[in-house]
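1. fold the stuff below for me.
(2 chains)
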There are 2 protein chains.
Amino acid sequence: MAAVAAETRWWRLLLVLSIAGLGAVGTPQPPNIVLMLMDDMGWGDLGVNGEPSRETPNLDRMAAEGMLFPSFYSANPLCSPSRAALLTGRLPIRNGFYTTNGHARNGYTPQDIVGGIPDSEHLLPELLKEAGYATKIVGKWHLGHRPQFHPLKHGFDEWFGSPNCHFGPYDNKAKPNIPVYRDWEMVGRFYEEFPINLKTGEANLTQIYLQEALDFIKKQHSRQRPFFLYWAIDATHGPVYASKPFLGSSRRGRYGDAVREIDDSVGQILQLLRGIGIAERTFVFFTSDNGAALVSAPKQAGSNGPFLCGKQTTFEGGVREPAIAWWPGHVPTGQVSYQLGSLMDLFTTSLSLAGLEPPSDRKIDGLDLLPTLLRGQLIDRPIFYYRGNELMAATVGQYKAHFWTWTNAWEEFRQGIDFCPGQNVSGVTTHTQVEHTSLPLLFHLGEDPGERYPLSFASAEYQDALRRITPVIQQHRETLVPGQPQLNVCNPAVMNWAPPGCEKLSKCLTPPESVPGKCSWPH
Amino acid sequence: MAAVAAETRWWRLLLVLSIAGLGAVGTPQPPNIVLMLMDDMGWGDLGVNGEPSRETPNLDRMAAEGMLFPSFYSANPLCSPSRAALLTGRLPIRNGFYTTNGHARNGYTPQDIVGGIPDSEHLLPELLKEAGYATKIVGKWHLGHRPQFHPLKHGFDEWFGSPNCHFGPYDNKAKPNIPVYRDWEMVGRFYEEFPINLKTGEANLTQIYLQEALDFIKKQHSRQRPFFLYWAIDATHGPVYASKPFLGSSRRGRYGDAVREIDDSVGQILQLLRGIGIAERTFVFFTSDNGAALVSAPKQAGSNGPFLCGKQTTFEGGVREPAIAWWPGHVPTGQVSYQLGSLMDLFTTSLSLAGLEPPSDRKIDGLDLLPTLLRGQLIDRPIFYYRGNELMAATVGQYKAHFWTWTNAWEEFRQGIDFCPGQNVSGVTTHTQVEHTSLPLLFHLGEDPGERYPLSFASAEYQDALRRITPVIQQHRETLVPGQPQLNVCNPAVMNWAPPGCEKLSKCLTPPESVPGKCSWPH
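-> Numbering: from 1, shown residues only, chains lettered A, B, ... in the order given. I've put the predicted structure just below:
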């Protein structure tokens, strides 16, 4: 670990060594950071990951020019906890983005959620600001929408986007439409000022988000300020959408149209970075928040390739993500890394790029991936798969152990809610919560990436693998200090009735009476 | 179709135009042809098709230098019929490589098969010899092993390999070990002179087959003769094997070791073609005979990526194949073609490369893909999916219709024989033979490549698609003239007891009494 810690001082070393081409004249700058986080995009949606229609030429080129991570994981199979983990470098069980309302339940931030990101958490943009970064979030925040959780209170200088998912349309009586913010104030609502046509799938949002990204990059470039852009766009989250030129352009239907528009946008952003000559000073990472939402397939969801199940589950399809690092001149081209990576690593790696140390007063789960990115070093580390308050599974080396299995309850399944459509592995894709703690189900993810063949309990391979996994789990459990659960309490009064700026637009709605209660998390 | 027919005279046009660099001094030659046919390798086994361990750098490079076909199909979900179709350009139902012993049964050429490739069929090497090609088969023949079916009687000048699968070891009493031939004569048997260690997985066969390929290429090059090499190697067919340097080298286990050795061998062959300066005069195509044999997964089988089921079935996993065309200077680099391709197209395309017309006295199913390969042209054509004597399914455009569904019988399934492990699509992966002729199950392969969501019968999309498919099927059925079924009769007396050359090796065995009977084809 000494080698890894040393790497966090990499940028300072760069300063000392005065490596050419990185700094502006006179004042050397740390690299710009662009994190592109997709919404419900699946591992299998990229051409480079084998999507048969191969409609992502720009992302495939990004991979060819950079480093592809086939074993990169979300910190959670659901959006809000996953995003909170990315920005804090910590598992949701630590940063509070989980619920104790039921065992092993996925919680997120719907409109009536009372909680959000605690002030006690240090977010990546907060820390990067200390190093002089200009920070912007474009797109979905999802870390709480009440005033104290506003992204500009947590380190972002600018915001264009929404606090919640673009579900709707709502009637603004029982439930308000989701606001769209520019910085501190609402500038309209989805389905109103920002239309999404559910029938045709047309919405201009990806184009708007693209323009926001391009403008921000140009502005900071002209100001010669290092920047952090968190580009959290959501066209691949149901209801999926695309702008007119992309509608009908895909062989994959409307979901594919959304992917094509995103791919085109990624291409434009990278092209801008090249065009204004800062590609070698800008670290870009492309990934997604959780697996494809197979429950909405095929019209409203993507592909998890050969992996088992999808979003909401702790099988590979729920948490293994498309992941590409791009930093011309630094990350060698055309590489594939076997490193087990995590969304949380983007926190620590970004700090390292900025020459910062991660907070030392708390457990940080994210690794600094620079040794991997710059020199192909492989770092041994586990991946933990949580569902709410339960450690469901863990990967150590190539072995994955399931301590609990569950997809969803029979009652839901019988209503047609299926997280593993067309897939059924006996004793694995269970519809009751089954505990395997004393004798975990083990899979070899190299031989069996689809988690279809549990190792025989009697085999030497099982025994060896378990001997390796057990102490890792034990150490994790023993040192774990869970945060205060933020996703327990819901209240219709806290919905987006009257966001700041609503007066100017005459769009303030009257909240109902405050009725706090337990949020319902069925799966 | 006029444009396509014109293309078959492409080579003659080349002669007239005297395109530089293709011909040797004085006598312009048609290009060499190398068909690399894998055994049970799955679509998902290639890095470029998204295999997560990404262990095929040479094949991935081949794709980057050539044209990748994500929608390329075998003519059958089983080896012998698939290989007969490749070499005749005709569906097994036409060339006789099927059985009528039961409805919709997969048949092949085990040791006791009486039939084989009929003399009335024109094989690709026969036709290429007419155009001056030197022809060689390396590896598995599988078109019948009785004397009249010998590959050197059907157009090949040379052979190194075996007539049947490398199953075994046998006791040479109830069943002989499979012979290995050099040209006309047996030079040993598997598990005897050609060892395969079932415990360690070690066998040197891929290295031998590689050397045979390299030697043949060098020899023909020095003779300035155009050559046709049919490289039908079998390390990925169970029992899978690899040579010592590759054993344990894969993250995917022994199956992956076999793939790595094959990938390395492909790299060496392409490197030789470059090295001796004939890459631009050699057309190379890499593909496989049928989908991965999931019934033997995970230790003895590969991956069909996101597709449904495997070998033996007419779902995509049974018949969609990895496919790469490579011809530097002619096939443009880095292309992906949406063309629906078939193994049978390699027959017609190879003839076209040689300046030959396909036989005009019979129906040829293979297309000339040169317009696609050279200019990216897309040719509208159906794909038919047969199982034995039954047309199970067909693809027209992006729509696939299933007229019959079947995986295998309940009795087999209950014994653990599972062609769709971990996969189960209600009403689709059926264990009884279910007819859907009057109302076929339809899938949109772009939106739903995994065949998990049949279109609603009531939808306009279903009606439109069916209207397009129906006349294609009708035309096919009405004009079909089935060949004499070759896979009906079995007889232990015809096994490889005393192949030619056995005397020299003192390896002649005594055949049992002749007891012809119906072959048993359970699925």
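
2. before we move on, what SS does the residue nearest to A:Ile276 when sequence neighbours are not counted have?
-> Nearest residue to A:Ile276, sequence neighbours excluded (CB to CB, 6 or more residues apart in numbering or on different chains): A:His221, at 5.4 Å. Glycine gets a C-beta too; all of them are placed from N, C-alpha and C. Under the three-state scheme (DSSP: H, G, I helix; E, B strand; the rest coil), A:His221 adopts helix.

3. output stretch A:322-332 as CSV - backbone C-alpha positions only.
-> What follows is stretch A:322-332, C-alpha atoms only, in CSV (Å, rounded to 0.1, in the frame of the first residue of the first chain):
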residue,chain,number,x,y,z
PRO,A,322,-19.0,0.1,-18.9
ALA,A,323,-15.8,2.1,-18.0
ILE,A,324,-13.2,3.9,-20.1
ALA,A,325,-10.4,6.2,-19.0
TRP,A,326,-9.0,8.7,-21.5
TRP,A,327,-6.1,11.0,-21.0
PRO,A,328,-4.0,11.3,-24.2
GLY,A,329,-0.2,11.3,-23.5
HIS,A,330,-0.7,9.9,-20.0
VAL,A,331,-3.0,6.9,-20.1
PRO,A,332,-1.4,4.6,-22.7
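
4. check whether that stretch comes near chain B.
-> No. Using CB under 8 Å from any CB of the partner chain, stretch A:322-332 stays clear of chain B, coming no nearer than 10.4 Å.

5. so how many other residues sit close to the closest residue to chain B within chain A?
-> Residue of chain A nearest chain B, by CB to the nearest CB: A:Gly50 (2.0 Å). A:Gly50 has 26 neighbours, counted by other CB atoms under 10 Å in any protein chain shown.

6. my read is that it contacts A:Gly42, right?
-> No. Using CB atoms under 8 Å, A:Gly50 is not in contact with A:Gly42; the gap is 11.3 Å.

7. pull up the overlap in contacts between the two.
-> Taking CB atoms under 8 Å, 6 or more residues apart in numbering or on different chains as the criterion, A:Gly50 and A:Gly42 both touch A:Gly305.

8. how close does the residue nearest to A:Gly329 when sequence neighbours are not counted sit to A:Phe286?
-> Computed as CB to CB, 6+ apart, the closest residue to A:Gly329 that is not its neighbour in sequence is A:Glu280, at 4.1 Å. A:Glu280 sits 18 Å away from A:Phe286 when distances are taken as CB to CB, to the nearest Å.

9. one more: A:Arg105?
-> 30 Å.

10. look at the two and report which has more neighbours.
-> A:Phe286 (27 against 21).

11. which residues does A:Pro147 contact?
-> The contact partners of A:Pro147, taken as CB under 8 Å, 6+ apart, are A:Lys153, A:Pro500.

12. just the pLDDT for A:Ala6.
-> Here the pLDDT value assigned to A:Ala6 is 43.

13. over to A:Pro28?
-> Taking A:Pro28 on its own, its pLDDT is 76.

14. repeat that for the one 5 residues further on.
-> Taken from the predicted model, the pLDDT recorded for A:Ile33 is 98.

15. thought it was touching A:Phe228?
-> Yes. Counting by CB under 8 Å, A:Ile33 touches A:Phe228, with 4.7 Å between them.

16. checking A:Phe443 next. Helix, strand or coil?
-> Under three-state DSSP, A:Phe443 falls in the strand class.

17. tell me, how many neighbours does the nearest residue in space to A:Ala232 that is not next to it in sequence end up with?
-> Distances taken as CB to CB, 6+ apart put A:Gly139 closest to A:Ala232, at 3.8 Å, once the chain neighbours are dropped. Counted with other CB under 10 Å, residues neighbouring A:Gly139 total 25.

18. contacts for the helix or strand where A:Gly139 lies next, please.
-> Here A:Gly139, judged by DSSP states H and E, is contained in strand A:134-140. Strand A:134-140 has contacts (CB under 8 Å, 6+ apart) with A:37, A:39, A:79, A:83, A:125, A:128-129, A:151, A:155-165, A:209, A:212-213, A:216, A:220, A:223, A:225-234.

19. neighbouring strands - and their directions - for it?
-> Strand A:134-140 has its sheet partners listed here by DSSP bridges as strand A:158-162 (parallel), strand A:227-232 (parallel).

20. now do the helices in chain A.
-> In chain A, helices defined by DSSP state H lie at A:2-7, A:10-17, A:57-65, A:79-88, A:92-95, A:124-130, A:205-223, A:254-275, A:316-319, A:345-353, A:370-375, A:410-414, A:460-479, A:502-505, listed in chain order.

21. got a list of what the closest residue to A:Leu86 other than its chain neighbours touches?
-> Residue nearest to A:Leu86 in three dimensions, not counting chain neighbours: A:Leu343, with 4.6 Å by CB to CB, 6+ apart. Contacts for A:Leu343 (CB under 8 Å, 6+ apart) come out as A:Phe72, A:Tyr73, A:Ser74, A:Ala75, A:Ser82, A:Ala85, A:Leu86, A:Thr287, A:Asp289, A:Glu321.

22. check A:Gly318 too.
-> A:Ser74, A:Pro77, A:Asn290, A:Gly291, A:Cys309, A:Gly310, A:Lys311, A:Gln312, A:Tyr385, A:Phe419 are the contacts of A:Gly318 under CB under 8 Å, 6+ apart.

23. looks like A:Gly66 contacts A:Gln335 (just checking).
-> Yes. Between A:Gly66 and A:Gln335 a contact is recorded at 7.4 Å, counting by CB under 8 Å.

24. who's more crowded, those two?
-> A direct count of neighbours by other CB under 10 Å for A:Gly66 and A:Gln335 places A:Gly66 higher, at 25 against 16.

25. ok, what's across the strand from the spatially closest residue to that one that is not a sequence neighbour?
-> Beyond its immediate neighbours in the sequence, the residue positioned closest to A:Gly66 (CB to CB, 6+ apart) is A:Trp326, lying 3.7 Å away. On the basis of DSSP bridges, A:Trp326 is bridged to A:Val284.

26. show me which residues of the stretch 151-300 of chain A are close to chain B?
-> Counting by CB under 8 Å from any CB, the stretch 151-300 of chain A sits next to chain B at A:Ser250, A:Arg251, A:Arg252, A:Gly253, A:Tyr255, A:Gly256, A:Ala297, A:Pro298, A:Lys299.

27. can you tell me which of those residues is closest to A:Leu466?
-> A:Ala297 (34.5 Å; CB to CB).

28. surely the closest one meets B:Pro449?
-> No. Using CB under 8 Å, A:Ala297 makes no contact with B:Pro449, being 11.1 Å away.

29. so the two - more neighbours on which side?
-> Using other CB under 10 Å as the criterion, A:Ala297 and B:Pro449 rank with B:Pro449 on top: 28 against 24.

30. roughly how far does the more buried one sit from chain A?
-> 5 Å (CB to the nearest CB, to the nearest Å).

31. who's the residue nearest to A:Ala232 bridged to?
-> For A:Gly139, the beta-bridge partners are A:Gly161, A:Ala232 (DSSP bridges).

32. rewinding a little: deepest-packed of the strands paired with strand A:134-140, please.
-> Highest mean neighbour count among the strands paired with strand A:134-140 (mean count of other CB atoms under 10 Å in any protein chain shown): strand A:227-232, with a mean of 26.

33. how about the strands of the stretch 51-200 of chain A, start to end?
-> Using DSSP state E, counting those that start in this stretch, the strands found in the stretch 51-200 of chain A span residues A:67-68, A:72-73, A:134-140, A:158-162, A:179-182, A:185-189.

34. middle-most residue in chain A, spatially?
-> With distances taken as CA atoms, centre = their mean, A:Asp289 lies nearest the centre of chain A, 2.6 Å away.

35. burial measure for A:Gln486, as a count.
-> 26.
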